[in-house]
Each structure stands twice: as C-alpha cells, then as structure tokens.
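Visitor: Could you work out the structure for the sequence below:
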Amino acid sequence: YKAVAANSLSYVYNATRKYQSAARFGKIALDLTRDTDNLQLQLEAMTNYSNSLRMLKRYRKSDRIMRQVLELARKNNLKEQYANALGNLS
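Guide: Numbering: from 1, shown residues only. Next up is the predicted model:
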C-alpha cells in the first residue's frame, strides 16, 4: 500500500508541476516496489520518477530509467507500458 500511495503522490505532484516532490515520492515508490512482485506498479513508479527527473533537467538519469522501463516492458510483453515508454523517450 505504501508503494501505491507514494506512486500516486508522485503522479499528482507531476501533474501539478511540483517536480521536486514528484521526484522524491517517485524514488520512494520505486524503492518500495522493488520489494513486491508487481512489475506493472514498478514500471509506473519508474515512469513517474523518470518524468519528474526530466522536468528537473536531469536528462541522463531520466533517460536511463526510461530505457529500463522500455526493456522490462519488452521482455514481459507489456505492450501498453512499452508504447508509453517509447512515447516518453521521444
């Protein structure tokens, strides 16, 4: 539940352009999802975290995370997440 809550906060902070807070909660969500077997939640957390980093102009780290999302989505045949990752990278 903590991972879902942190991920939701990251999403809301991104949507309201509070990118510093979005990055903070995105990192928390990502760390918490690594202890679960919920790959979709992990990819969502990675995406939110990456998006906030991009808006903070931390492009290299953002790109690295999004490429990980792309690879994990491809390996696990998660087409929606794969398409979203491609869109974010473009």
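Visitor: what's the closest non-adjacent residue to Leu9?
Guide: Phe25 (4.2 Å; C-beta to C-beta, 6 or more residues apart in numbering). Heads up, the C-betas are built off the backbone N, CA and C, glycines and all.
Visitor: burial of that neighbour, as a residue count?
Guide: 24 (other C-beta atoms under 10 Å).
Visitor: got the contact list for it?
Guide: Contacts for Phe25 (C-beta atoms under 8 Å, 6 or more residues apart in numbering) come out as Ala6, Asn7, Leu9, Ser10, Tyr13, Asn48.
Visitor: Take the residues you listed and keep only those in helices.
Guide: Ala6, Asn7, Leu9, Ser10, Tyr13, Asn48 (DSSP state H).
Visitor: and of the contacts of Phe25, the nearest to Gln40?
Guide: Nearest to Gln40 out of those is Asn7 (C-beta to C-beta; 10.7 Å).
Visitor: tell me which residues in the helix or strand bottoming out on mean pLDDT in the chain are buried?
Guide: Here the helix or strand of the chain ranked lowest by mean pLDDT, DSSP states H and E is helix 79-89, holding a mean of 91. Across helix 79-89, burial judged by 16 or more other C-beta atoms under 10 Å covers Gln81, Tyr82, Asn84, Ala85, Asn88.
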